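Novice: Here is a sequence together with a model predicted from it:
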Amino acid sequence: MGSHAKAWLVEDESAREMLDRVLTERPFLLLPPLHRVPLRVGNVVELAGPSSSSKTHILIQAAITCILPKLWKGVSYGGLGHSAMFIDLDCRFDVLRFSELLNHRIMEAANGSSSKVGCHQKDSEAQFARMKPYNEELFALCMKRFLYIRCYDSSEFLATLKTLHYRLQKEREVHGVNVHLLLIDSIGAFHWVDRGSSSFPLEYDNRKSWHLQNVSEAVVQEIRRLLLVHPMLVMATKAVVLGNKYSTNELTWNYRKWSAVDNPYSRNITSDQQLPYREYMPAAWQSFVTHRILVRATDDDLVNGEHQNNSIYLLEWLLPPLNSLDKFTVRDTGVFILS
Amino acid sequence: MARLANLETEYPVLDSTVRNFCASHGIFSVEDFLIHDLYMLAAFAEQNNSSERLKEGIAQVLSIIDDMHQPWLNGMELLEDAKRNKHVFPTGIQGIDLLLGGGIRVGQLTELVGPSSSGKTQVCLRTASNVARNHLVLYLDTGNSFSPQRIAYFLGKTINPSSAQAKNQFLQKVMSNISCHSVFDIFAMFDVLHQLESYLRCQDGRGGCQMRLLIVDSISSLISPVLGSSSTQGLNISYTA
């Protein structure tokens, strides 16, 4: 008995070793344009923004970073090498654009490494041609790590979440790859449909009706349970309408509010935040979110060559509240931070 | 949604013990399972006498739920499906085709937004005439703006000047591929869409020309009366209790 008690006191690892272990198994993700706050598994990130503000693009970028390997045949791609799951509730996912972006990232990484060696122009072309079958093999490998599903209503969404645990276990057994990222496009997709579904008086007292509250609580509960067993980073987009939160007619953006970058004292960000949009998600989801970001498109364009006109987007961290606005633009190789 | 009692014939595991247990937790149909916590249910089942049978029942319901959602696809399968099935239809207007990267894509909803007299109906007519050469088109017209003369004009511009009879035949064939319905309120549109759905289901069996394009000109005049705007265009729908 005495030896057992002593065994408790012997240390397993020092704090530094523990930190090393945790940081390698569960690395911090710094995904541009979300690079200001490092994200880890277990975080739930909500990207809010009006229509066409590059929210889905940010998700796709995160997915590509996740599915690319860290190192492959000598070339460093800087990815995580894990699977990513995409639950499409908007049903607007464009796989051709996704594959284009993936190809651009692969080629950029491949070119980047070859240019580092200092090749001559002809040599680099030959090397590029030689690398083309590698690129296709790598492309196929990465695409197979991207898992996609569409849901047309809340019951399909709940059915997907409930059976996700077994699906992930099977994935792990068959491919030996863990899922690191769960992406949900438009968490508020069925909000109005569920809100409008009337509750019929049910004959039994303890029967739960198909209310918005019950559905969203069930969704949050399922994702929470899933995160316990399969630690993942959850990112969800949410479409909002910016403007005066009390107006119900034409909504106009109030740029004067946002030009307060040069006057930081005029913005009091307290814990009970003044959001620039009307929050419509139920409290269950709101309290589940650990990080919140607002993106929107500005009217400015970045002239990039004669034909390319990329619009500039503004990003703001609402939770944790950072007093900064990031500007970025979207290019084929990904997001390019401007300031 | 299927009540558990009705599922017993197909899945004998869901017998009365399982159903009574579920009923005691307020679960009477498969839909109720979706909003309940299945782990808690399994924990309660553990404490019950016939725990094995209850757990089998829960597992059976989980496999029923597994059929209730779309299949999971990986990226390669998605890409192959997009390349094989999701064709692109050129609209016939060079600028728009360039903007859209080839034309209108199957499986995507393309929205044309603009103030009045900005050419939206003309784009619709041009696209209809282009796609109707090889496929069937359904044109839902809310403002009497469909013009067969315009379609004939577009078609006449692009065919070779051969004999008048051949030209006529071609025109007839293409024009008969476009079916135009006038809808003036949202309920009429729902009716047409339901008919379209059943038509599309039996279309897959047949060969020949397939319906590939649905044009609605314009959706705003159908939706704004329902939303209650004070627009002067379009009907105002009044509801009686």
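Specialist: The structure has been received and is ready for your questions. Numbers count the residues shown, from 1 in each chain, chains lettered A, B, ... in the order given.
Novice: can you pull out the helices in chain B?
Specialist: With DSSP state H as the criterion, chain B has helices at B:4-7, B:16-24, B:30-34, B:38-47, B:51-66, B:75-85, B:94-100, B:120-131, B:148-158, B:164-175, B:186-203, B:220-227.
Novice: hmm, who's touching the third one?
Specialist: The contact list for helix B:30-34 (CB atoms under 8 Å, 6 or more residues apart in numbering or on different chains) reads A:155, A:158-159, A:162, A:207-208, A:210, A:218, B:1-2, B:4, B:7, B:22, B:26-27, B:61, B:64-65, B:68. For every residue, glycine as well, the C-beta is placed using N, CA and C.
Novice: Also the fifth one?
Specialist: With contact meaning CB under 8 Å, 6+ apart, helix B:51-66 is reached by A:159, A:162-163, A:166, B:7, B:11, B:13-15, B:17-18, B:21-22, B:30, B:33-34, B:38, B:41-42, B:45-46, B:48.
Novice: Now a ChimeraX select for only the buried ones of the residues you listed.
Specialist: Typed into ChimeraX, the next command selects the buried ones out of the contacts of helix B:51-66 (criterion: 16 or more other CB atoms under 10 Å in any protein chain shown):
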select /A:159,162,163 /B:7,13,14,18,21,22,30,33,34,38,41,45
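Novice: Name the spans of the chain whose pLDDT lies under the cut-off.
Specialist: The chain I'm using is chain A. Filtered on pLDDT under 70, chain A yields the residue ranges A:1-4, A:7, A:11-12, A:21-25, A:113-132, A:198-205, A:244-274, A:304-308.
Novice: was after chain B, sorry
Specialist: In the predicted model, chain B carries pLDDT under 70 at residues B:1, B:161, B:205-206, B:229-241.
Novice: Chain A contacts on that one?
Specialist: Residues of chain B lying near chain A by CB under 8 Å from any CB of the partner chain: B:1, B:23, B:25-28, B:31-32, B:34-39, B:62, B:65-66, B:68-76, B:78-79, B:82-83, B:108.
Novice: out of those, which are buried?
Specialist: Among the residues of chain B next to chain A, those classed as buried by 16+ other CB under 10 Å are B:23, B:25, B:27-28, B:31-32, B:34-38, B:62, B:65, B:68-69, B:72-76, B:78-79, B:82.
Novice: Could you grab the helix/strand/coil label for the residue in chain A that chain B sits nearest to?
Specialist: Closest to chain B within chain A is residue A:143: 3.2 Å, counting by CB to the nearest CB. At residue A:143, secondary structure determined by DSSP: H, G, I helix; E, B strand; the rest coil is helix.
Novice: Surely it is in contact with residue A:99?
Specialist: Yes. With contacts counted by CB atoms under 8 Å, residue A:143 reaches residue A:99, the gap being 6.9 Å.
Novice: Can you point out the buried residues in stretch A:286-295?
Specialist: For stretch A:286-295, the buried set under the neighbour-count rule, 16+ other CB under 10 Å, comprises A:288, A:289, A:291, A:292, A:293, A:294, A:295.
Novice: what's the answer for stretch B:96-109, then?
Specialist: Using 16+ other CB under 10 Å as the test for burial, stretch B:96-109 gives B:96, B:97, B:100, B:103, B:104, B:105.
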